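# 3D model of this:
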Amino acid sequence: MEEKKPNPQEEEVDLGNLFVVIGRGIRNFFNAVFYFFSQVYHYLILLLIFIKKHTLKLGIALILGFIIGFVLHKIEPKTYVSKMLVESNFNSGVQLYKQIDYLNDLVKKKDTNSLAGILNISSEVASNLKKFDVFAYQPDKNRYKAYDEYMQKTDTIYTQDFTFDDFKRRIKDSDLRFHEIEVESNLKNSFVDLTPGIVHLVENEYFKNRKQIEKGEILHKIEVLNKNLVQVDSLRELYKEVSLKEAEKPVVTSTIEISQKEYKKGENDIKLFDISNDLLNQINATHQELIRKNDVLNIISDFDQVGVPDKNITHKKYFQFAILFFGLMLGWILLKGLNKYLDGYRKE
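Sure, this is the predicted structure:
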């Protein structure tokens, strides 16, 4: 049987079809890009035409809302803000966020009596409270620190493929250690009175019991580490005594043997020194942990004695009313245009 030889013309036809397909795909891609940008340009022009047509109406609504809001801003009492930085222990961050939401809900309901009773403050201070808020302090840095602590305490078998992004997706703001509590009030010198009440709300019996249990475990760990340190120091002293006694004996061995013995003694002493140093570091770290976990909620930075005026523009009446009036006018114009379109569509 004769072998069929490839036809050069067929190869040229196949390559030609391939180039045609590639060229068509490139042309379709650029056509799609051109169509996308032409549509963006078209709608941008329509938006500019709409703004040009209704500039006067929208401008009047914006100015009118600003004037009304500015008058109300001058009439209403000034708002002051103060912040407190805390560190939550024993996973009490969830309780902290829950209680702050509860206090904020009482403020919205204007339940002055409940606020005064819960926070142990006067009715005057409670009636002037405007808002409570809590959020993670420096969340990115906070998460990196939490991730580092988690990786150090967890077995590498479970954390081998566990990345920071995985940890970030699992952890909530309330799970982090450091939080910032922000309070708004019409009184500028009443914020420090709120601290004991907020701390008391978080420190319930459950967290108090956890504190006692973990505190006992830490104290036991310190006791064990101190005993180990004493034993290591005693062993080092024993090595020194043995070395001194051997040094007093008459030399009957060669210089090489003496050097080997001295080298082994020095090596053992270095190992014991490293163990002793490691124990001291562990004791120091455990003492730091004991200090940190002495309270359920550690106050790193308390509220200021005098609050500062609220400078957030989104909280100002003139900003809120300007946006409100602008939105109402815009909505009215759009509804009017929609109604005109529907009337025209019905006639067709």
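
# this structure - how does it break down into domains?
80-203+297-319, 210-292 (automatic domain parsing).

# low-scoring pLDDT stretches of the stretch 101-250 of the chain, where are they?
155-160, 242-250 (pLDDT under 70).

# all helices of the stretch 1-150 of the chain, in order?
8-75, 93-108, 112-119, 123-127, 139-153 (DSSP state H, counting those that start in this stretch).

# nearest approach to Lys221 belongs to which of those?
Closest approach to Lys221 among the helices of the stretch 1-150 of the chain is made by helix 139-153 (13.8 Å; CB to CB). C-beta coordinates here come from the backbone N, C-alpha and C atoms, glycine included.

# list the buried ones in the closest one?
Asn142, Arg143, Ala146, Tyr147 (16 or more other CB atoms under 10 Å).

# quick one: list the elements packing against it.
Using 3 or more CB pairs under 8 Å, 6 or more residues apart in numbering; DSSP states H and E as the contact definition, the elements that helix 139-153 packs against are helix 164-170.

# which elements pack onto the helix it packs on?
Looks like helix 164-170 contacts helix 139-153 (3+ CB pairs under 8 Å, 6+ apart).

# what's in contact with the helix it packs on?
Ala136, Thr159, Phe162, Phe164, Phe167, Lys168, Ile171, Asp173, Asp175, Leu176, Arg177, Phe178 (CB atoms under 8 Å, 6 or more residues apart in numbering).

# could you dump those residues into TSV with distance to Asn284 and neighbour count added?
Listed next are the contacts of helix 139-153 as TSV, based on distance: CB to CB, whole Å; neighbours: other CB atoms under 10 Å:
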residue	distance to Asn284	neighbour count
Ala136	28	21
Thr159	25	16
Phe162	29	15
Phe164	28	12
Phe167	27	17
Lys168	30	14
Ile171	28	17
Asp173	30	15
Asp175	27	15
Leu176	25	21
Arg177	20	17
Phe178	22	19
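
# how far does stretch 144-162 stretch from one end to the other?
Its first and final residues considered, stretch 144-162 spans 13 Å by CA to CA, to the nearest Å.

# kindly apply the preceding question to stretch 106-113 instead.
10 Å.

# would you mind listing the buried residues in that stretch?
Leu106, Val107, Thr112.

# beta partners of the closest residue in space to the second one that isn't next to it in sequence?
Nearest residue to Val107 in three dimensions, chain neighbours excluded: Leu129, at 5.3 Å (CB to CB, 6 or more residues apart in numbering). The partner list for Leu129 in beta bridges (DSSP bridges) reads Ser185.

# please work out how many residues are found near Leu129.
Look at Leu129: counted by other CB atoms under 10 Å, it has 25 neighbours.

# over to Phe303?
Other residues close to Phe303 by other CB under 10 Å number 21.

# what's the answer for Ser174, then?
18.

# wait, it sits on Val94?
Yes. Applying CB atoms under 8 Å, one finds Ser174 in contact with Val94, separated by 4.7 Å.

# and the strands in the stretch 151-300 of the chain?
Counting by DSSP state E, counting those that start in this stretch, the stretch 151-300 of the chain has strands at residues 178-185, 297-301.

# just the ones you listed: most buried one?
Highest mean neighbour count of the strands of the stretch 151-300 of the chain: strand 178-185, a mean of 21 (counted as mean count of other CB atoms under 10 Å).

# for it, which helices and strands make contact with it?
Using 3+ CB pairs under 8 Å, 6+ apart, strand 178-185 is in contact with strand 80-88, helix 93-108, strand 129-136.

# contact partners of the second one?
Looking back up the chat, that one is helix 93-108. 86, 88, 114-115, 118-119, 129-134, 173-177, 179, 181, 198, 201-202, 204, 207, 297.
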